[in-house]
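Enquirer: no FASTA, just this:
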């Protein structure tokens, strides 16, 4: 029997362990052998061991702009893929998408990149956007399929001729395991607003903190919590000093990072994400799955998950006053209305964002490749 190997690559094995474990189990069940090519993050060690998957570490400077280093990365991918000879390459995050897909194409290996968000390069216009645009166009040229997590990102790539329309497929994010993220009763007590994600300015962390400042007098008992890693390697990262000053001023609570967000979601009144742009935000999907109302900015990705007034509220991007208004409005709702919002969110996830939809989409594309 021919050995069928698939390579999965991201800018961290944490990304694979946390967002692709269901897909990995499904691919293995379909008869594929799997190899993860990614920088190793100690925070993912336990989950990677549970997955019992072969790992090959690779060095990726996630925020680096050095052309020589990126050329070295392209060559590293090509050497690894030439040795492994997988039947398909599955890419996640920008550099693995671009350089892994590029190396795969040079070897005749089908690459299936997943555009989970456009990142800083597209949020902040400038020379960097032009460079990244050119790299996407080259990297994705021969891909049999390119997955997107919202239709606005998909249309943008088609309009800029980074992909052909017939290449594109839509996914409901990375999907939610509805058994793992089961409904949890909403707790009573003061309103607790939880933001889950990497502590980056582009996630709207600054607006979240400013909204907490604006609401200090109007909602004196409300709690504002941040859960997620400090990512100082990112160009838009919040520094530890900034975070400590906010905590010292009593504006927010920092809960650190975790491998299991469920207890924190269960303790929250609402999940908040004032991001500048998203692919399809997992924190909102997981919060909705656990029947929590959502508050997010009216931007691509977020508005795919939040139906204003139905399962939460949308606010204006980069506008702390608008965010504060949405928080105050939700905090002042009767408990039964917040519960109804949460249940509506759970129904939406069940109908549109189940992990099973994502798995089926990947298996369908792989079945069309007919590897020799």
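Expert: Good, I have the coordinates. Note that the structure is predicted; figures quoted are calculated from it, not measured.
Enquirer: tally of neighbours for the residue lying closest to residue 218 once chain neighbours are set aside?
Expert: The shortest distance from residue 218 to any non-neighbouring residue, by CB to CB, 6 or more residues apart in numbering, is to residue 328 (6.1 Å). For glycine as for every other residue, the C-beta is placed from the backbone atoms N, C-alpha and C. Number of residues near residue 328 (other CB atoms under 10 Å) recorded here: 16.
Enquirer: same deal with the one 10 residues further on?
Expert: If you count neighbours by other CB under 10 Å, residue 338 ends up with 20.
Enquirer: Doesn't it belong to a helix?
Expert: Yes - assignment of residue 338 by DSSP: H, G, I helix; E, B strand; the rest coil places it within a helix.
Enquirer: Local confidence estimate at it?
Expert: At residue 338, the model reports a pLDDT of 97.
Enquirer: And for residue 65?
Expert: At residue 65, the model reports a pLDDT of 67.
Enquirer: next one: residue 121
Expert: Reported pLDDT for residue 121: 55.
Enquirer: coming back round to it: check the gap between the residue nearest to residue 218 and residue 212 for me.
Expert: 11 Å (CB to CB, to the nearest Å).
Enquirer: on that earlier part again, could you list every residue that touches the residue nearest to residue 218?
Expert: Residues in contact with residue 328 (CB atoms under 8 Å, 6 or more residues apart in numbering) are 215, 218-219.
Enquirer: By neighbour count, which of the residues you listed wins?
Expert: Highest neighbour count within those, by other CB under 10 Å: residue 215, with 22 neighbours.
Enquirer: For that one, give me its contacts.
Expert: Each residue near residue 215 by CB under 8 Å, 6+ apart is listed here: 222, 324, 327-328.
Enquirer: farthest pair in these?
Expert: 222 and 324 (10.4 Å; CB to CB).
Enquirer: So which of these two has more stuff around it?
Expert: Counted by other CB under 10 Å, residue 222 and residue 324 do not tie: residue 324 has more neighbours, with 21 against 17.
Enquirer: Which helix or strand lies directly C-terminal to the lowest-mean-pLDDT helix or strand in the chain?
Expert: Using mean pLDDT, DSSP states H and E, helix 119-123 stands out as the lowest-scoring helix or strand of the chain, at a mean of 56. Using DSSP states H and E, the helix or strand that directly follows helix 119-123 along the chain is helix 127-140.
Enquirer: Quick check: buried residues in that following helix?
Expert: 129, 132, 135-136, 139-140 (16 or more other CB atoms under 10 Å).
Enquirer: just stretch 342-360 next, same as before
Expert: Buried residues in stretch 342-360, counted by 16+ other CB under 10 Å: 342, 344-346, 348-349, 353-355, 358-359.
Enquirer: From these, which land in strands?
Expert: Among the buried residues of stretch 342-360, DSSP state E puts none in strands.
Enquirer: In JSON lines, list those along with pLDDT.
Expert: Below are the buried residues of stretch 342-360 laid out as JSON lines (pLDDT from 0 to 100):
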{"residue": "342", "pLDDT": "98"}
{"residue": "344", "pLDDT": "98"}
{"residue": "345", "pLDDT": "98"}
{"residue": "346", "pLDDT": "97"}
{"residue": "348", "pLDDT": "96"}
{"residue": "349", "pLDDT": "96"}
{"residue": "353", "pLDDT": "94"}
{"residue": "354", "pLDDT": "91"}
{"residue": "355", "pLDDT": "92"}
{"residue": "358", "pLDDT": "94"}
{"residue": "359", "pLDDT": "95"}
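Enquirer: which other residues reach stretch 165-180?
Expert: Applying CB under 8 Å, 6+ apart, the external contacts of stretch 165-180 come out as 19-20, 22-23, 114, 116, 140, 143-151, 154, 157-158, 262, 279-282, 285-286, 289, 349-350, 352-359, 361, 365.
Enquirer: out of these, which are buried?
Expert: Among the contacts of stretch 165-180, the ones that count as buried by 16+ other CB under 10 Å are 19-20, 22-23, 114, 116, 140, 143, 145-150, 154, 157-158, 279-282, 285-286, 289, 349, 353-355, 358-359, 361, 365.
Enquirer: and the contacts of residue 215, which of them are in helices?
Expert: Counting by DSSP state H, those place 324, 327-328 in helices.
Enquirer: Tell me the secondary structure at residue 300.
Expert: From three-state DSSP, the assignment for residue 300 is coil.
Enquirer: Who are the contact partners of it?
Expert: Applying CB under 8 Å, 6+ apart, we find residue 300 in contact with 150, 152-153, 277-278.
Enquirer: any chance of the residues you listed in CSV, plus distance to residue 334 and secondary structure?
Expert: Shown next, in CSV, are these (distance: CB to CB, whole Å; DSSP: H, G, I helix; E, B strand; the rest coil):
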residue, distance to residue 334, secondary structure
150, 32, coil
152, 34, helix
153, 37, helix
277, 33, coil
278, 30, coil
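Enquirer: mind giving me TSV with those and columns for pLDDT and distance to residue 200?
Expert: Converted to TSV, these look like this (pLDDT from 0 to 100; distance: CB to CB, whole Å):
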residue	pLDDT	distance to residue 200
150	89	19
152	89	20
153	90	18
277	89	12
278	91	12
